[in-house]
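Undergrad: Okay, here's the prediction I keep looking at, along with the sequence it came from:
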Amino acid sequence: MTTTDGVLKVALLGCGVVGSEVVRLLAEQADELAQRVGARLELAGVAVRRPARHPEVPAELLTTDAEALVRRDDVDVVVEVVGGIEPVRSLLLAALESGKSVVSANKALLADDGATLHDAATRNGVDLYYEAAVAGAIPLLRPLRESLAGDRITRVMGIVNGTTNFILSRMDATGAGFDEALAEATSLGYAEADPTADVDGYDAAAKAAILAGLAFHTRVTMSDVHREGIGEVTAADVASAQAMDCTVKLLAICERTTVADGTESVSVRAHPAMIPRRHPLAGVGDAFNAVFVEAEAAGSLMFYGRGAGGAPTASAVLGDLVAVARNRVSGSRGAGESAYAALPIRSMGEVTTRYHVALDVADQPGVLAGVANAFAEEGVSIQTVRQEGRGDAATLVLVTHAATDAALGRTVEKLAAMSLVGRAASVMRVEGMTGE
Ligand SMILES: NC(=O)C1=CN([C@@H]2O[C@H](COP(=O)(O)OP(=O)(O)OC[C@H]3O[C@@H](n4cnc5c(N)ncnc54)[C@H](O)[C@@H]3O)[C@@H](O)[C@H]2O)C=CC1
Ligand SMILES: N[C@@H](CC=O)C(=O)O
Ligand code: NA
């Protein structure tokens, strides 16, 4: 569909942190956006739950009937900044089925059931864009989908959750415990009233699923992602990381693995890990995000910036809105989903990782041999070992070479069952270290 009267009508669903900034930027930049698109972008309506709470929006645009709004014939593009699965999935499907293009910031929905939405977009010849859903303002999905479409991406690793990065940065800088750092994140407005999705890693896992799908041309959903949050990260873990010149980050890691017979699979995970301080991701502080992309021809690329917040996220939403609006003006559509590779998902147990293990041990002859034996029995090779303290307060700190996550997990279980070994003071994966 092309615009006939030089105007494209936009239905906005949701007017919270992000939506209110979309409204502001659309109004403030109306003339420039019209020049860039070749048509004026006008709000057809703004669906909210409580109209009285939105004095910033002209009253005649506000509605509580999102369904009627997305079905209106005069609407060209639906912008969704509500969040969650339902009723949003049904609303966006209705929009796509009735020929509207969709811009969304909703990683939870895209990671849960992006395939259904993509299918509807393709069937109806319209666009589905969601740059804001991963790493907010940082242009990342379009580079994966377009700029790197001629290359072969092998790995995507990054910090994609601002709230947890702020918490871990505070724990690292001040020695604060998790609860104290979370309270500070809440008081500064980074963490939401219910920070579960951030703290428990759901937000990072959803973003990892979206990144893996785009990077490897395959379908990945939330249920394919191995997820661990940062709720268990202790001040002792952070101190342990510091002792080996590392810091703790919540990482999203998407990898393509090729085995000897040429068979390929992908692994997708989001979990806390220690990374060396010299690694570029270690220097990403506060609520910032950064993502490393490794591609065969391009080599390593790093994307850095604000992954959260109203204005930065609205920037990405408006970028998508301009892109889909331009397509409508020219009567075209952008690249749709590319999932031809249909790669199998590698289970976490098969993924190759490295562990840092700090054990409270009795400082007695034979302890080190017993510990080394537990690793050897599982075929896990130790890279470094050092002892901190003496007597009852002795701690053995080991860093392994790469081994399967399953073998490392079994090793830790064996260690925990040994009589001369007390509690494991810290067990954490290590990423970004050079060497095997
Ligand atoms: N806040 C951030 O920094 C970022 C947010 N996002 C995503 O953007 C989306 C919106 O996030 P926020 O603006 O932070 O959330 P928010 O909670 O501030 O705003 C959501 C708005 O949607 C409204 N709403 C809820 N159900 C509705 C319904 N059925 N019909 C109409 N309106 C409804 C709510 O009243 C609220 O005003 C989410 O998908 C979120 O994951 C993505 C990147 C960053
Ligand atoms: N809650 C998210 C916001 C953006 O996706 C975060 O903290 O990064
Ligand atoms: Na982005």
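TA: Everything's here; your move. Numbering: from 1, shown residues only. Ligands and ions are numbered 1, 2, ... in the order given.
Undergrad: where's the residue nearest to residue 209 when sequence neighbours are not counted, which helix or strand?
TA: Excluding its sequence neighbours, the residue lying closest to residue 209 (CB to CB, 6 or more residues apart in numbering) is residue 111, at 4.1 Å. In short, each C-beta sits where N, CA and C put it, glycine included. Assigned by DSSP states H and E, residue 111 falls within helix 107-124.
Undergrad: Does that helix reach ligand 3?
TA: No: judged by CB under 5 Å from the ion, helix 107-124 stays clear of ligand 3, getting no closer than 9.9 Å.
Undergrad: if you look at that helix, does any of it touch ligand 2?
TA: No: Helix 107-124 is not in contact with ligand 2 by CB under 6 Å from any ligand atom; minimum separation 6.5 Å.
Undergrad: List the buried residues for that helix?
TA: Going by neighbour count (16 or more other CB atoms under 10 Å), the buried part of helix 107-124 is 107-112, 114, 117-118, 120-121, 124.
Undergrad: so who does the residue in the stretch 251-400 of the chain that ligand 2 sits nearest to touch?
TA: Nearest to ligand 2 in the stretch 251-400 of the chain, going by CB to the nearest ligand atom, is residue 308, at a distance of 3.6 Å. Taking CB atoms under 8 Å, 6 or more residues apart in numbering, we find residue 308 in contact with 136, 162-163, 190, 287, 289.
Undergrad: Restricted to strands, list those.
TA: residue 289 (DSSP state E).
Undergrad: for the residue in the chain positioned nearest to ligand 1, what are its contacts?
TA: Of all residues in the chain, residue 16 sits closest to ligand 1, with a separation of 1.9 Å (CB to the nearest ligand atom). Contacts here follow CB under 8 Å, 6+ apart; on that basis residue 16 touches residue 81.
Undergrad: ok, it to residue 310 distance?
TA: Separation of residue 16 from residue 310 (CB to CB, to the nearest Å): 8 Å.
Undergrad: One more: residue 204?
TA: From residue 204 over to residue 310 (counting by CB to CB), the distance is 20 Å.
Undergrad: Neighbour count: these two, which is higher?
TA: Higher neighbour count among residue 204 and residue 310: residue 204, with 34 against 18, using other CB atoms under 10 Å.
Undergrad: could you say which helix or strand contains the more buried one?
TA: Short version, using DSSP H and E: residue 204 is in helix 202-216.
Undergrad: Residue 396: what secondary structure?
TA: The assignment at residue 396 comes out as strand when based on DSSP: H, G, I helix; E, B strand; the rest coil.
Undergrad: Now for it, how many residues are close by?
TA: Neighbour number of residue 396 under other CB under 10 Å is 22.
Undergrad: Just list the residues touching it, thanks.
TA: If a contact means CB under 8 Å, 6+ apart, then residue 396 has 358-359, 361, 367-368, 371, 385-388 as its contacts.
Undergrad: among the residues you listed, which are in helices?
TA: 367-368, 371 (DSSP state H).
Undergrad: Name the member of those residues that has the highest neighbour count.
TA: Most neighbours among those, by other CB under 10 Å: residue 371, with 23 neighbours.
Undergrad: Excluding chain neighbours, give the residue nearest to residue 122 in space.
TA: residue 336 (4.9 Å).
Undergrad: rewinding a little: could I get the contacts of residue 396 as TSV with pLDDT and distance to residue 396?
TA: Output for the contacts of residue 396, formatted as TSV (pLDDT from 0 to 100; distance: CB to CB, whole Å):
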residue	pLDDT	distance to residue 396
358	91	7
359	89	5
361	86	5
367	85	7
368	88	7
371	92	6
385	93	7
386	89	8
387	86	6
388	82	8
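Undergrad: So what would you say the end-to-end distance of stretch 58-75 is?
TA: One end of stretch 58-75 sits 18 Å from the other (CA to CA, to the nearest Å).
Undergrad: Tell me where the model's unsure across this structure.
TA: 1-4, 435-436 (pLDDT under 70).
Undergrad: In what element of secondary structure is the residue of it positioned farthest from its centre found?
TA: Farthest-out residue of the chain from its mean C-alpha position, per CA atoms, centre = their mean: residue 365, at 46.2 Å. Per DSSP H and E: residue 365 is located in neither a helix nor a strand.
Undergrad: What distance do you get for it to residue 388?
TA: Residue 365 sits 18 Å away from residue 388, taking CB to CB as the criterion.
Undergrad: for residue 190, same thing?
TA: Residue 190 is 34 Å from residue 388, by CB to CB.
Undergrad: These two: which is more packed in?
TA: A count of neighbours by other CB under 10 Å puts residue 190 above the other of residue 190 and residue 388, at 21 against 13.
Undergrad: and the closest residue to residue 184 other than its chain neighbours, helix, strand or coil?
TA: Distances taken as CB to CB, 6+ apart put residue 170 closest to residue 184, at 5.9 Å, once the chain neighbours are dropped. Here residue 170 is recorded as helix under three-state DSSP.
Undergrad: Any figure for the gap between residue 170 and residue 414?
TA: Distance of residue 170 to residue 414, given as CB to CB: 35 Å.
Undergrad: Tell me if stretch 149-166 is near ligand 2.
TA: Yes: Stretch 149-166 reaches ligand 2 (CB under 6 Å from any ligand atom) through 161-163.
Undergrad: mind listing what residue 47 touches?
TA: Applying CB under 8 Å, 6+ apart, the residues contacting residue 47 are 11-14, 63-66, 69, 82.
Undergrad: what's next to stretch 110-126, contact-wise?
TA: 85, 89, 92-93, 96-102, 104, 109, 127-128, 130, 133, 205-207, 209-210, 213, 219-222, 225, 333, 336-337, 339.
Undergrad: Keep those, but drop any that are not near ligand 1.
TA: Taking CB under 6 Å from any ligand atom, the overlap between those and the neighbourhood of ligand 1 is residue 133.
Undergrad: just the buried members of the contacts of stretch 110-126?
TA: Buried subset of the contacts of stretch 110-126 (neighbour count, 16+ other CB under 10 Å): 89, 92-93, 96, 100-102, 104, 109, 127-128, 130, 133, 205-207, 209-210, 213, 219-222, 225, 333, 337, 339.
Undergrad: List the ones among these that fall in helices.
TA: Per DSSP H, helices hold the following members of these: 89, 92-93, 96, 109, 205-207, 209-210, 213.
Undergrad: Quick check: of those residues, which lies closest to residue 238?
TA: Residue 238 has its nearest neighbour among those in residue 205, at 22.1 Å by CB to CB.
Undergrad: My read is that that closest one contacts residue 254, right?
TA: No: using CB atoms under 8 Å, residue 205 is not in contact with residue 254; the gap is 10.9 Å.
Undergrad: what's the burial count for residue 316?
TA: Neighbour number of residue 316 under other CB under 10 Å is 29.
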